[in-house]
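Participant: Following is a predicted model, sequence given first.
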Amino acid sequence: MLKVICERLRQGHRTAKYPRQDPVLPERFRGLPRLEPGGCPQDCRECLSSCPYGALQVDGGRLRLDMGRCIFCGDCSAACPHEALTFSRDHRLASRTREGLLTDGDVFALAGPLDRRMKKLFGRSLKLRQVSAGGCNACEADLNVLGTLTYDLGRFGIQFVASPRHADGILVTGPVAENMKGALLETYAAIPEPKLVIASGACAIGGGPYRDSPEVNNGLGDLLPVDLYIPGCPPHPYTVLDGLLRMLGRL
Amino acid sequence: MSDSTGKIVSLKNGDSLPLETLPLLSYGEFGDRLLETCSNLGRVSAYFAYPAGDDELDLLAVLARDWQGDLVLLRTRIGNTYPSLTPRCPQLGLFEREIAEEFGAVPTGHPWFKPLRFHRVQPGRLDAWGRDPLRHPVPGEMPFYQVEGEEIHEVAVGPVHAGIIEPGHFRFQCHGEKVLHLEISRGYQHRGIEQLLTGGPHGATIHQLEAAAGDTTIGHASAYCQALESLSGVPASPRGAALRAIALELERLANHVGDLGALAGDIGYLPTASFCGRIRGDYLNLTAEICGSRFGRGLVRPGGVAFDVDPLLAAAMLQRLAAMEKDTRGAIELFFDSPSVLARIEGTGIVTPEVAEELGMVGMAARASGLTIDSRLHHPLGNREGSFAPVVIEEDGDVCARAKIRRREIYDSLEMVRKGLRNLPPGPIRCALPALAPRSLTVSLVEGWRGEVVHVALTDGRGALSRYKVVDPSFRNWGGLAMALRGEQISDFPLCNKSFNLSYCGFDL
Ligand code: SF4
Ligand code: SF4
């Protein structure tokens, strides 16, 4: 017992000061993309052809990036000869709508809160059931991390629960493998109304790296009504936390 | 290399050879040589099929001869049915089921012939179980083992489990609390990765392999890049290779530390559980310092790596590592110092060396059962020869042994990362690769944290990938978990499960 206490004293208190203090992410972290609208010369399409997922498009002469399809590999940025496309260290990426994930270099609209009734219901206590539907386990691992001392999800009143019957919503990871579709829909059906749906990770939003495999469903798509999209492959735990807190109107 | 009869072809890890140099053996001879090699300290690393015509398939077996440091390749041709070798060589059991599920070839006399991942058979072939080849199979639809008798009951769990964890379906046949048998049905995470790779490499290929098993990003990406390097005849740059080796050990550290924490959590020993949960993150964050991603996404690339570690970063990493090592040792030693922990894990979930060998287990789970299998030792690649500390072996095969293996590997990996950071070779981090050799084959082994990751690549006449086989260590080890549970209490399942921590998506690919 004495040893435990000594070790406890030595290792100290490590819960992050978030949200009072912004997290410091590694130098090379690829967060919110920054597109310089003026940077692209006419007809330069280098970045478009470097993206295997069609996440980049040119619309009306303007470059646009779909963070729902992006896996944040950085290939496009490396391919751009004009430094018109870079990735910032900003971890805040979540959106309440699918269109909200399209960015063309201007300010990114952060996720807004739930409507008043839902916020009243879930704002102070939110129980989520997680379903992994073909995820590679990196998304799942970084969700588990939210329960550790550093993030301590519980202090925000958010908790992952074992039974869908105890849950207020479902948080889905993975591209929805054909073999998980049934179990996913059944789990959703078992959650009492009103309920929330969160798509976490590139897979759950648009199929991620496996997009267009005949064995997957390209994410939640029309399967379930999504209330919050959290991009990333996998999303950084702070990206998830930021999304959840914004949805609850707590940030 | 071939023997005097020209029938046995072998190569080293990371070598390639033209497909036409592979002799075609009769099935009888193929079987004899396979069994002979396996009874001579050889084991099956990969076994798979590829189309050889409309109705025929070529079977290719890759057998690792660890003590000779080489890999034997055996090839034969079959039609729609062939006699199963599983009764004489149990390690082949899952591989034969896999081949049947993909191509419809039925191994007659297979003792447990059932689907594995529940996907459609390749177009134009017949389903091995007579199901409608156009309809997607329903996962878990198969006859499960059943035990009959008074007071026997069945417990079924999953696919959706209680925690944040991947899906799988478990059936326990119990007598009271005692588990007589556990059958594990998987396939829920099947994403069809091997099919996606055909015709590549495509732009998405490296990303798909990085996510073959998310916690083994470096392991799978390294195996893939090694395969491409071999097929194009240009090895990774020495600095790139050294950085990969560092990243691989960081991956091992993060996962082993995390697993010890999870194990402590399941025992209810909270100090180690909470310390290790956090420290695992410290290792992930260290990887993110190199490449921006906690899981090493974007780091390993064909020809080397995409990010350098300059002296400044190396110094900073070494400093952080020193502090992390103190925390890690503190947290782990508490665990092993606690009599209540030891009482819970000693003698629990035993896999004997015989069973481990029969199942063809690999990696840390095999080493915990006394088998000396470690590709870093037996099959080192090129300039990495001799850079690996002696292999870590435990003999008890219980949860405790698997925990102790982790502890010792953690301390070894710390040393390897430190050495690696101090001795980074100069030069570029990445070489450009020319096109892949046409009509060739390569085998690429990487000792991931869970065990041996095997990639086998075959190219067509244009140098595109015509068949790409991935064998995650989980494929060989899930059977070990089922055996560990025999005769144990059902309440020991979480403990046994954590001590293996196998990958669902790595199995289901
Ligand atoms: S970072 Fe995103 S947009 Fe850029 S190439 Fe990768 S997936 Fe495409
Ligand atoms: S989004 Fe990326 S990290 Fe998450 S499950 Fe999919 S592949 Fe894995």
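Facilitator: Received it, and whenever you're ready, just let me know what you need. Note that this is a predicted model, so its numbers are computed, not measured. Ligands and ions are numbered 1, 2, ... in the order given.
Participant: And stretch A:124-133, what's buried?
Facilitator: Buried residues in stretch A:124-133, counted by 16 or more other CB atoms under 10 Å in any protein chain shown: A:126, A:127, A:128, A:129, A:130, A:131, A:132, A:133. The C-beta positions use only the backbone N, C-alpha and C, and glycine is treated the same way.
Participant: quick one: the residue lying closest to the fourth one once chain neighbours are set aside and residue A:137, what's the gap?
Facilitator: In this case it means residue A:129. Spatial nearest neighbour of residue A:129, chain neighbours left out: residue A:167 (3.9 Å); criterion: CB to CB, 6 or more residues apart in numbering or on different chains. For residue A:167, the distance to residue A:137 (CB to CB, to the nearest Å) stands at 21 Å.
Participant: Ok, residue A:122 next?
Facilitator: In terms of CB to CB, residue A:122 sits 27 Å off from residue A:137.
Participant: Likewise for residue B:458?
Facilitator: Taken as CB to CB, the span from residue B:458 to residue A:137 is 28 Å.
Participant: who's more crowded, these two?
Facilitator: residue A:137 (26 against 21; other CB atoms under 10 Å in any protein chain shown).
Participant: State the pLDDT value of the more buried one.
Facilitator: Looking at residue A:137, its pLDDT reads 94.
Participant: in a helix, that's where residue A:188 is, yeah?
Facilitator: Yes: under DSSP: H, G, I helix; E, B strand; the rest coil, residue A:188 sits within a helix.
Participant: Against residue B:122, how distant is it?
Facilitator: Here the distance between residue A:188 and residue B:122 works out to 32 Å (CB to CB).
Participant: Skip the chain neighbours and tell me the closest residue to residue B:360.
Facilitator: In space, residue B:360 is closest to residue B:91, 3.2 Å off (CB to CB, 6+ apart).
Participant: now that neighbour, what's its secondary structure?
Facilitator: Relying on three-state DSSP, one would call residue B:91 helix.
Participant: pretty sure it is touching residue B:42, no?
Facilitator: No: contact criterion CB atoms under 8 Å: residue B:91 and residue B:42 do not qualify, at 10.2 Å.
Participant: List of residues touching stretch B:454-463?
Facilitator: B:19, B:45-46, B:48, B:50, B:60, B:62, B:220, B:223-224, B:226-228, B:231, B:435-445, B:465-471 (CB atoms under 8 Å, 6 or more residues apart in numbering or on different chains).
Participant: pLDDT on that stretch, on average?
Facilitator: For stretch B:454-463, the mean per-residue pLDDT is 96.
Participant: Quick one: end-to-end length of that stretch, please.
Facilitator: Stretch B:454-463 has its terminal residues 21 Å apart, counting by CA to CA, to the nearest Å.
Participant: Please apply the same query to stretch A:86-100.
Facilitator: Using CA to CA, the span of stretch A:86-100 from its first residue to its last is 19 Å.
Participant: Okay, buried residues for that stretch please.
Facilitator: Buried residues in stretch A:86-100 (16+ other CB under 10 Å): A:86, A:87, A:89, A:90, A:91, A:92, A:93, A:94, A:95, A:96, A:98, A:100.
Participant: Mark which of these are part of helices, please.
Facilitator: Using DSSP state H, no member of the buried residues of stretch A:86-100 falls in helices.
Participant: for the worst-scoring helix or strand of chain A on mean pLDDT, which positions count as buried?
Facilitator: Ranking every helix and strand in chain A by mean pLDDT, DSSP states H and E puts helix A:2-11 at the bottom, with a mean of 81. Neighbour counts over helix A:2-11 (16+ other CB under 10 Å) mark A:7, A:11 as buried.
Participant: tell me what the next helix or strand after that helix is packed against?
Facilitator: Toward the C-terminus, helix A:2-11 is succeeded by strand A:33-35 as the next helix or strand (DSSP states H and E). Contacts defined by 3 or more CB pairs under 8 Å, 6 or more residues apart in numbering or on different chains; DSSP states H and E place strand A:33-35 against strand A:62-66, strand A:85-87.
Participant: Surely residue B:293 touches residue A:30?
Facilitator: Yes: using CB under 8 Å, residue B:293 is in contact with residue A:30, at 7.5 Å.
Participant: Quick check: neighbours shared by those two?
Facilitator: Shared contacts of residue B:293 and residue A:30 (CB under 8 Å, 6+ apart): residue A:72.
Participant: Could I get the buried residues of stretch A:124-133 in a markdown table, plus columns for distance to residue B:23, pLDDT and secondary structure?
Facilitator: As requested, the buried residues of stretch A:124-133 are exported to a markdown table (distance: CB to CB, whole Å; pLDDT from 0 to 100; DSSP: H, G, I helix; E, B strand; the rest coil):
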| residue | distance to residue B:23 | pLDDT | secondary structure |
| --- | --- | --- | --- |
| A:126 | 63 | 95 | strand |
| A:127 | 62 | 95 | strand |
| A:128 | 57 | 96 | strand |
| A:129 | 55 | 96 | strand |
| A:130 | 51 | 96 | strand |
| A:131 | 49 | 96 | strand |
| A:132 | 44 | 96 | strand |
| A:133 | 45 | 95 | coil |
